[in-house]
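Novice: fold the stuff below for me.
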Amino acid sequence: MPSDASTPLIHVALVEDDVHFQGAILTAINAAPDMTVVSVSSTRSEGLLALETAAADVLLVDLGLPDGSGIDVIQAAHRQWPLCAVMVCTTFGDEAHVLQSIEAGASGYLLKDSAPDNMLAEIRSLHGGGSPISPLIARQILTRFRQASVPAPAAPPAPTGNAQVQLSSREKEVLELITKGFTAEEIARLMQVSVHTVQTYVRRVYGKLKVTSKAEAIYEARQQGILAA
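Specialist: Prediction:
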């Protein structure tokens with residue numbers, strides 16, 4: 001991908017204990033002109049500690065860590081880095097791990113069968129609001145919901161009147177800046193507030209929209225007419 005000085009770098013944090021996979025990912029990211037690695041952790045405890053530093057744009061997390069589950073890191077990242085997009089990179093392809101990861105806040109789920117160079121495209125997709133999922137995992141999820149689907153009773157009529165979520169002017173401003181791709185640090189500088197204040201606004205927006213990720217917030221806001229489609 002050609003370098004563009006006007007395009008901010010994608011800041012990537014990695015939590016991965018497989019030294020070979022870790023090395024391959026780091027080599028690929030370091031060679032990419034539009035990405036930079038901000039932290040590398042090999043254990044659950046190191047991953048949680050990394051969350052105390054400046055927020056990353058994308059967090060790559062393995063689930064099977066030496067001292068616990070990567071699910072804990074995903075949950076903590078969702079609370080502490082609300083603007084960060086999380087992608088699981090793992091060998092676990094079973095339904096339980098997939099659903100737990102998504103419920104914890106992951107927006108992408110890839111099995112470790114993708115070449116490191118292909119991972120770069122997935123990172124860019126995730127950062128742009130996409131949800132990269134390995135084909136095997138996507139089929140598994142679709143099959144599960146297809147089997148679970150049953151005829152539902154007719155829904156009650158939608159309430160009339162204005163049902164749009166009401167955001168404060170500052171909350172809407174933060175949401176609009178998120179949509180344009182600004183990081184928490186950049187938004188804080190533009191609004192002349194602290195990063196903590198920006199993260200508080202983000203959590204309020206997520207709570208009002210009843211979403212758990214940046215991509216969901218943007219989609220829901222557009223569906224409700226809060227943001228232009």
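
Novice: show me where this protein has helices.
Specialist: Taking DSSP state H as the criterion, the chain carries its helices at 19-31, 44-50, 70-80, 95-104, 116-127, 135-148, 169-179, 184-191, 195-209, 214-223.

Novice: other SSEs contacting the last one?
Specialist: Okay, so that is helix 214-223. If contacts are counted by 3 or more C-beta pairs under 8 Å, 6 or more residues apart in numbering; DSSP states H and E, helix 214-223 sits against helix 169-179, helix 195-209. All C-beta atoms are positioned from the backbone trio N, CA, C, and that covers glycine.

Novice: tell me the buried residues in that helix?
Specialist: Neighbour-count burial for helix 214-223, counted by 16 or more other C-beta atoms under 10 Å, picks out Lys214, Ala215, Glu216, Ala217, Ile218, Glu220, Ala221.

Novice: just checking, Val40 touches Gln22?
Specialist: Yes. Between Val40 and Gln22 there is a contact under C-beta atoms under 8 Å: 6.9 Å.

Novice: need the residues touching each of the two.
Specialist: The contact sets of Val40 and Gln22 overlap at Leu14, Glu16 (C-beta atoms under 8 Å, 6 or more residues apart in numbering).

Novice: least confident of the buried residues of helix 214-223?
Specialist: Across the buried residues of helix 214-223, the smallest pLDDT goes to Ala215, namely 81.

Novice: not counting sequence-adjacent ones, nearest residue to it?
Specialist: In space, and not counting its chain neighbours, Ala215 is closest to Gly129: 4.4 Å by C-beta to C-beta, 6 or more residues apart in numbering.

Novice: show me what contacts the one you found?
Specialist: Counted by C-beta under 8 Å, 6+ apart, Gly129 has contacts Lys214, Ala215, Ile218.

Novice: so which of those is the closest to Ser107?
Specialist: Taking C-beta to C-beta as the measure, Ser107 sits nearest to Ala215 out of the contacts of Gly129, at 5.9 Å.

Novice: which residues touch the closest one?
Specialist: Contacts of Ala215 by C-beta under 8 Å, 6+ apart are Ala85, Ser107, Gly129, Gly130, Ser131.

Novice: the fourth one: how many residues sit nearby?
Specialist: Right, Gly130. 14 (other C-beta atoms under 10 Å).

Novice: ok, it - contacts?
Specialist: Gly108, Ala215.

Novice: which pLDDT value goes with it?
Specialist: pLDDT for Gly130: 90.

Novice: may I have the phi/psi pair for it?
Specialist: The phi/psi pair for Gly130 (degrees, to the nearest 10) reads phi -80, psi 180.

Novice: so how far is Leu51 from it?
Specialist: According to C-beta to C-beta, to the nearest Å, Gly130 stands 23 Å off from Leu51.

Novice: next, name the residue at the spatial heart of this structure.
Specialist: Closest residue to the average C-alpha location of the chain: Ala85 at 1.9 Å, with C-alpha atoms, centre = their mean.
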